[in-house]
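1. got a structure for you, letters missing:
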DNA sequence: GTTTATGATTACAA
DNA sequence: TTGTAATCATAAAC
């Protein structure tokens, strides 16, 4: 801070030399007692300008007013204009065009896809929709998980919008404040409209970087929510007893060829309130486990065989169709547990 | 706490 | 694409 008055003296000296806009008494003031007095005068004024920020607001206002009314103000203003001109010229070259922010675009796209930004999608989301489609919309637990997911996503959405609004409001307020300040200052120092524009652009850049942090945090929150949601789906849950019975019934009644067709799988899935892929998984697991330890499944096989026989008797006496889904692969009857498949199980 | 049962996932083959 | 085999992760039984 001690250095500044000296620097200002030096600048003023450079700026004033031969300046056409300066009053005569300033241009010739390079020597003699009178010149020294004027230098002292200018020095004092500049000193006052430099110390203005250290003073209280009322005092500063009073001083500002005094400086505005000072007889040398127009001359000093011109000097400052010249310094400014030179400074701006040197800055101008350093400015560069901003590249389009790819990161910001990615964040925006993701927030839009997840339903956080953009129009309300009735609480839905890409993840929930995809998950719902994948699961075939089966099971009450699934819909409970979905609504929980949607509720949490809506919470994130609300926080995001509230924060965004706050940031925008703060940005506008701050910009207005700075613009007013600069306009006020333009009475004592040269400030072009372009400079104000530049300052506004700087403020907006700063605020958009804050906004980007908000967007980043929101994206992270959505990702965490999403992974938790998917983890919950991944969590194993045993099928209910009825579903297992239906699947076992089909398996043992088609033991010679336990490969349900696509239609049969769909029918089983519907009956058991599970997905077709769960039916496929179940049959895959069952086949391999049965094959690995036929002895262990003997009792189970006999039990279901007996049940199937009873069903068949009922069917023949009532003339209605069998309970289990039909399949072109079905061999019917009750084969030996050590079945010989025409497929891969041997 | 350990073991068993079972649904899901993965790599691979046909 | 579908099925097999191995494996993982977890619920359920002990």
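-> Done, it's in. Everything numeric here is computed off the predicted structure, so don't read it as measured data. Numbering: from 1, shown residues only, chains lettered A, B, ... in the order given.

2. next SSE after the top helix by length along chain A?
-> The helix that spans the most residues within chain A, counting by DSSP state H, is helix A:140-185. Under the assignment DSSP states H and E, the closest C-terminal helix or strand after helix A:140-185 is helix A:193-234.

3. near DNA strand B at all, the longest helix of chain A?
-> No: Helix A:140-185 stays clear of DNA strand B (CB under 7 Å from any atom of the strand), getting no nearer than 10.6 Å. To be clear about C-beta, it is placed using only N, CA and C from the backbone, and glycine gets the same treatment.

4. That helix vs helix A:193-234, what angle?
-> With axes from the mean of the first three to the mean of the last three CA atoms, to 10 degrees applied, the angle from helix A:140-185 to helix A:193-234 works out at 170 degrees.

5. neighbours of residue A:222, just the number please.
-> Neighbours of residue A:222 under the rule other CB atoms under 10 Å: 24.

6. So for the nearest residue to it once chain neighbours are set aside, what's the pLDDT?
-> Residue nearest to residue A:222 in three dimensions, not counting chain neighbours: residue A:114, with 5.0 Å by CB to CB, 6 or more residues apart in numbering. Residue A:114 carries a pLDDT score of 73 in this model.

7. Residue A:259 in helix, strand or coil?
-> What DSSP: H, G, I helix; E, B strand; the rest coil gives for residue A:259 is coil.

8. how many other residues sit next to it?
-> Neighbourhood size, residue A:259 [other CB under 10 Å]: 18.

9. Same question for residue A:84.
-> 16.

10. Then residue A:279?
-> Counted with other CB under 10 Å, the neighbours of residue A:279 add up to 25.

11. shouldn't it be in contact with residue A:268?
-> Yes: at 5.0 Å, residue A:279 and residue A:268 qualify as touching, with contact defined as CB atoms under 8 Å.

12. can you list residues touching both of those two?
-> In terms of CB atoms under 8 Å, 6 or more residues apart in numbering, residue A:279 and residue A:268 are both contacted by the residues A:247, A:260.

13. and residue A:298, backbone torsions?
-> For residue A:298, the backbone dihedrals are phi -50, psi -50 (criterion: degrees, to the nearest 10).

14. whoops, residue A:118 was the one
-> The phi and psi torsions at residue A:118 (degrees, to the nearest 10) take the values phi 80, psi -170.

15. what sits against it?
-> A:111, A:112.

16. Go again with 6 Å.
-> Taking CB atoms under 6 Å, 6 or more residues apart in numbering as the criterion, residue A:118 is in contact with residue A:112.

17. Which pLDDT value belongs to it?
-> pLDDT for residue A:118: 77.

18. near DNA strand B, which residues of the stretch 151-300 of chain A?
-> Counting by CB under 7 Å from any atom of the strand, the residues of the stretch 151-300 of chain A near DNA strand B are A:234, A:236-239, A:244, A:278, A:281-282, A:284-285, A:289, A:296.

19. what about 10 Å?
-> A:230-231, A:233-241, A:243-244, A:247-248, A:272, A:274-275, A:277-286, A:288-289, A:292-293, A:296-297, A:300 (CB under 10 Å from any atom of the strand).

20. Give me the buried entries from those residues.
-> Buried subset of these (neighbour count, 16 or more other CB atoms under 10 Å): A:233, A:239, A:243, A:247-248, A:272, A:274-275, A:278-279, A:282-283, A:286, A:297.
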